[in-house]
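S.K.: sequence first, predicted model second:
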Amino acid sequence: MSIRTQMRKGFLDACILSIIQSQPVYGYELSKKLNEYNFTEVSEGTIYPILLRLLNKEFIYSEFKVSEQGPKRKYYYITDKGREELKLVIQEWDKIKKPIQDLLKDV
């Protein structure tokens, strides 16, 4: 696995929490939103295990809702615990991004 792939996977949980915090989404919709942010290498097969992990950690919860286009869809919502985790990840990112940029600026 490349360093680039490892970095993206490392922050993918937080990116997914951030999207869900903005508005509840179903799996395919989440995949489309990630693509809009250039996470083009993230497949639905990658997203669903992450959603399951976030559910197990109680960072998100899900509910089925009726869809106008067909069967019910499982929508994902962020919990207070998930909001707190996202806040901590953002704080950690704020601490490390400048040192990393400084280290890599001459590369």
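M.R.: That came through fine. Numbering: from 1, shown residues only.
S.K.: for Gly42, what are its contacts?
M.R.: Gly isn't right for residue 42; it's Val. Counting by Cβ atoms under 8 Å, 6 or more residues apart in numbering, Val42 touches Arg8, Leu12, Ser31, Leu34, Asn35. All C-beta spots, glycine's among them, are computed from the backbone N, C-alpha and C.
S.K.: SS state for the fourth one?
M.R.: Using DSSP: H, G, I helix; E, B strand; the rest coil, the structure places Leu34 in helix.
S.K.: please, which helix or strand holds the residue sitting nearest the centre point of the chain?
M.R.: Compute the mean C-alpha point of the chain, and by Cα atoms, centre = their mean the closest residue is Ile16, 1.5 Å away. Taking DSSP states H and E as the definition, Ile16 sits inside helix 3-22.
S.K.: off-centre distance for that helix?
M.R.: Remark: helix 3-22 is offset 4 Å from the chain centroid, using Cα atoms, centre = their mean, to the nearest Å.
S.K.: what helices or strands is that helix leaning on?
M.R.: Counting contacts by 3 or more Cβ pairs under 8 Å, 6 or more residues apart in numbering; DSSP states H and E, helix 3-22 packs against helix 27-36, helix 44-56, strand 70-78, helix 80-104.
S.K.: tabulate these (a markdown table), appending mean pLDDT, mean neighbour count and distance to Ser62.
M.R.: Listed next are those as a markdown table, based on pLDDT from 0 to 100; neighbours: other Cβ atoms under 10 Å; distance: least, Cβ to Cβ, whole Å:
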| stretch | mean pLDDT | mean neighbour count | distance to Ser62 |
| --- | --- | --- | --- |
| helix 27-36 | 94 | 15 | 10 |
| helix 44-56 | 94 | 14 | 7 |
| strand 70-78 | 94 | 15 | 5 |
| helix 80-104 | 93 | 12 | 12 |
